[in-house]
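>>> next one to model:
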Amino acid sequence: MIDLNPKHFETVQHILAKHVPGCEVRAFGSRVKWTAKDYSDLDLAIVGSKPLTLRQTGQLAEAFEESNLPMRVDVLDWHTISEEFKEIITEEYEVIQGSEVVTANEEFRIIPMNSTTKNNRWNIVELGDVVQINPRRTLTKKEKAFHLAMKDVEVYKREIISHSSREFSGSGTRFQNGDTLLARITPCLENGKTVYVDCLKSNQVGHGSTEFIVLSGIEGKTENLFVYYLARDPSFRTFAIHSMQGSTGRQRVDANTLRLYEFPLPPIEEQHGIAHILSTLDDKIELNRQMNKTLEATARAIFKSWFVDFDPVKDKIKGRKPACMDAETAALFPSAFQDSSLGKIPDGWEVGTLGDLSHQPQYGYTASAKDEIVGPKFLRITDINKQAWVDWSSVPYCEVTDKDVDKYRLYKGDVLIARMADPGHGVVIEENQEAVFASYLIRFRPIQDQYARFLQYWLRSNSYWELVKGRELGTTRASLNAKTLSGFPLVIPPLEIVEVFSSQISNLRDRIVANTSETESLSSLRDTLLPKLLSGEIRVNDTNEILEERDGRQS
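Okay, the predicted model is just below:
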């Protein structure tokens, strides 16, 4: 094993098998020694029967650069490095791709990188002997039933989040509770679209895209939920991806080929234990996601009620006590409206602009992003996601002078808005970081700290996005500039109301941040345990100590 997230390891295996099949690949350096940081390079040496061609070297480098890997991958050709360097590598390395190419009935794949050869306690079986593949499920033609499209399946998410009701045409997959649906077409298979069906009524049969393969356990041999996690195993997915056939862009894995996948089959009791451990982690992850969804919806609802619909003012006009509000807060709202350029607004409130609530806007710093720690974090548009928060663990670094650090340093409460690529998308910096921001971002620093939370949710309001869509510059590449953004009009409430709003939202956001942090920890633990449990490297009884140690760190 090397120090690499299982999903990232799967990506590495896929690229290597595609571009250097038949070559032994040795990982060395910090990720083998387990001294790596999140941003550390992955060092690989390709040991082939002959030197790599320039074409192979270029294609391999391009594939790694275009992948979703968060770290740089440095590839060396064994035939071109010095004997001294070979000796250094030989001292400590891990083979992550063998030189053997499987032939005969397994001609479509490289030997999967699982631990079957290490485990002599469990029988090695073929998938088709212990799992039902596309089992027969009966559904009457033209019957209206539960339908699952590929777009309804989220990446690496067990639960079915959305679906529709549609007449069964006579073709497509059919499934019932306990079945696993595996996307078989590119890029959905590579992206990890796999779900477990448990939302149908008793004896109900659903149908879906023809691009699913249905997997189901066999009583006495395989437990249904175990089969789902088997389909999530990096070794299984690598095998499936390498087995894909067809034209570029429309490649699929064939069900008959999938039957040949070999893996160590634990006893049914061990399967139950494995499924229980992994599903418990998934359940907690999903609970955190749902909690965050509710907390975020609550925050947005408060903003809309107070500053868009003006519900407290309307309630007071009608002689009602404002809903979900204490008397002290309610007293801050007026009981009348006034005319303005933006229509009716609460009496005493003002119409202003983003520029009125912020200091002089500032464009960011131009630099090259570095994986190595060469300076402060370097926040770019690509590091800002759609949930209005920043995942600092994946943000790279940059070289910058002390003078420029002082000029572009980010502080808690800074509002950043993208001017290119994703114009209008914005975030608020929620924690102090040793970081600067890139040139495609514009900083608006609030004149009062309390306005940061207000602007955070104004940036997500419909009225703001109507302004964005109406003011984007350019035809082929939309953009915004500081002058345009500064002039965006908005209703400005009194500061004392903004202070109460900021306090309430900060409490909600603190809970969201805590849940997100726990979710990341749980996801990492699940992704680490999954291949080890399925290979037998870790047994179910061994996980108690691991889970207790994690709980101890969390408490």
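>>> from now on I want contacts and neighbour counts done on CA atoms only, so please keep to that.
Noted.
>>> quick one: K221 and V153, what's the gap?
Computed with CA to CA, to the nearest Å, the distance linking K221 and V153 is 28 Å.
>>> for these two, indicate the residue with more neighbours.
For the pair K221 and V153, the greater number of neighbours falls to V153 (23 against 15), based on other CA atoms under 10 Å.
>>> give me the contact list for stretch 202-215.
Judged by CA atoms under 8 Å, 6 or more residues apart in numbering, the contacts made with stretch 202-215 from elsewhere in the structure are 131-135, 137-139, 145-150, 168, 171-177, 179-185, 200, 227-228, 255.
>>> identify each buried residue in it, please.
In terms of neighbour count (16 or more other CA atoms under 10 Å), stretch 202-215 has its buried residues at 205-209, 211-215.
>>> give the contact list for L295.
Taking CA under 8 Å, 6+ apart as the definition, contacts of L295 comprise 508-509, 512.
>>> go through the helix or strand where it lies and flag the buried ones.
For L295, the host element (DSSP states H and E) is helix 268-307. Counting neighbours by 16+ other CA under 10 Å, one finds that the buried residues in helix 268-307 are 270-275, 277-279, 281-282, 285-286, 288-289, 291-292, 295-296, 299-300, 302-304, 306-307.
>>> how far away is the closest residue to D356 other than its chain neighbours from S341?
With CA to CA, 6 or more residues apart in numbering as the measure, S486 is the residue that lies nearest to D356, at 7.9 Å, once sequence neighbours are left out. Separation of S486 from S341 (CA to CA): 17 Å.
>>> between these two, tell me which one has more neighbours.
For S486 and S341, the more surrounded residue by other CA under 10 Å is S486, and the numbers stand at 18 against 12.
>>> hang on, isn't that one packed against L354?
Yes - with contact taken as CA atoms under 8 Å, S486 and L354 are classed as touching, separated by 5.0 Å.
>>> please state the offset of stretch 218-226 from the chain centre?
For stretch 218-226, the distance between its averaged C-alpha position and the chain's averaged C-alpha position is 29 Å (CA atoms, centre = their mean, to the nearest Å).
>>> next, the distance between the ends of that stretch.
By CA to CA, the extent of stretch 218-226 from end to end equals 11 Å.
>>> can you confirm I46 is in a strand?
Yes - assignment of I46 by DSSP: H, G, I helix; E, B strand; the rest coil places it within a strand.
>>> residue contacts, it?
I46 makes contact with 23-26, 75-78 under the criterion CA under 8 Å, 6+ apart.
>>> for it, name its beta-bridge partners.
The residues paired with I46 through beta bridges, assigned by DSSP bridges, are V25, D77.
>>> the strand or helix carrying L530 - what's its average pLDDT?
Counting by DSSP H and E, the element that carries L530 is helix 495-535. The predicted model assigns helix 495-535 a mean pLDDT of 92.
>>> show me what it is packed up against.
With contacts defined as 3 or more CA pairs under 8 Å, 6 or more residues apart in numbering; DSSP states H and E, the packing partners of helix 495-535 are helix 6-19, strand 262-265, helix 268-307, helix 451-458.
>>> tell me the mean pLDDT over the longest one?
Yep, that's helix 268-307 we're talking about. The model assigns helix 268-307 a mean pLDDT of 94.
>>> also the shortest one?
Strand 262-265 shows an average pLDDT of 95 in the prediction.
>>> same thing with stretch 58-77?
85.
>>> could you tell me the end-to-end distance of that stretch?
So stretch 58-77: terminal residues 12 Å apart, CA to CA.
>>> run the chain-centre distance for that stretch.
Stretch 58-77 has its average C-alpha position 20 Å from the chain's average C-alpha position, going by CA atoms, centre = their mean.
>>> number of nearby residues for E65?
14.
>>> cool, L508 as well?
L508 is surrounded by 17 other residues when neighbours are defined as other CA under 10 Å.
>>> hmm, it is touching A299, no?
Yes - using CA under 8 Å, L508 is in contact with A299, at 7.1 Å.
>>> quick one: low-confidence residue ranges for the stretch 101-250 of the chain.
Low-confidence segments of the stretch 101-250 of the chain, defined by pLDDT under 70: 101-120, 248-249.
>>> do a quick rundown of the strands in it.
Residue ranges of the strands in the stretch 101-250 of the chain, as given by DSSP state E, counting those that start in this stretch, are 123-126, 131-133, 144-148, 164-167, 173-175, 180-183, 194-196, 206-208, 212-217.
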